[in-house]
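*Asks:* predicted structure and sequence below. I'll ask about it afterward.
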Amino acid sequence: MAYVIGDACISCGACEPECPVNCISAGDDIYVIDETKCIECGTCNSVCPVDAPQPE
Ligand code: SF4
Ligand code: SF4
């Protein structure tokens with residue numbers, strides 16, 4: 001289980017510095033989460049203006 005960033009992402013970058021395990025990075029189109037490191041804390045969802053990161 002991990003959070004996954006959906007197509008709603010507008011690449012604002014707000015989530016990247018907030019992740020406690022630094023597993024968010026800019027991808028080609030939208031930001032991406034390294035699912036092997038995500039601890040499902042939900043912080044990325046909390047700071048996202050468009051609710052793009054969701055638990056999968
Ligand atoms: Fe990082 Fe937490 Fe979001 Fe996982 S749920 S990507 S650990 S901020
Ligand atoms: Fe994308 Fe939301 Fe992260 Fe901004 S905070 S980069 S919209 S997932």
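*Replies:* Okay, I see it. Ligands and ions are numbered 1, 2, ... in the order given.
*Asks:* the protein against ligand 1: which residues are in contact?
*Replies:* Residues of the chain lying near ligand 1 by C-beta under 6 Å from any ligand atom: 3, 19-21, 23-24, 33, 38-44, 53. C-beta: built from backbone N, CA, C; applies to glycine.
*Asks:* name the member of the residues you listed that has the highest neighbour count.
*Replies:* Counting neighbours by other C-beta atoms under 10 Å, Pro53 leads the residues of the chain next to ligand 1 with 26 neighbours.
*Asks:* that residue pairs with what?
*Replies:* Here Pro53 sits in beta bridges with Ile5, as judged by DSSP bridges.
*Asks:* this protein: strands as residue ranges?
*Replies:* With DSSP state E, the ranges of strands along the chain come out as 3-5, 24-26, 31-33, 53-55.
*Asks:* export those strands to TSV and tack on mean pLDDT?
*Replies:* As requested, those are exported to TSV (pLDDT from 0 to 100):
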stretch	mean pLDDT
strand 3-5	98
strand 24-26	98
strand 31-33	98
strand 53-55	98
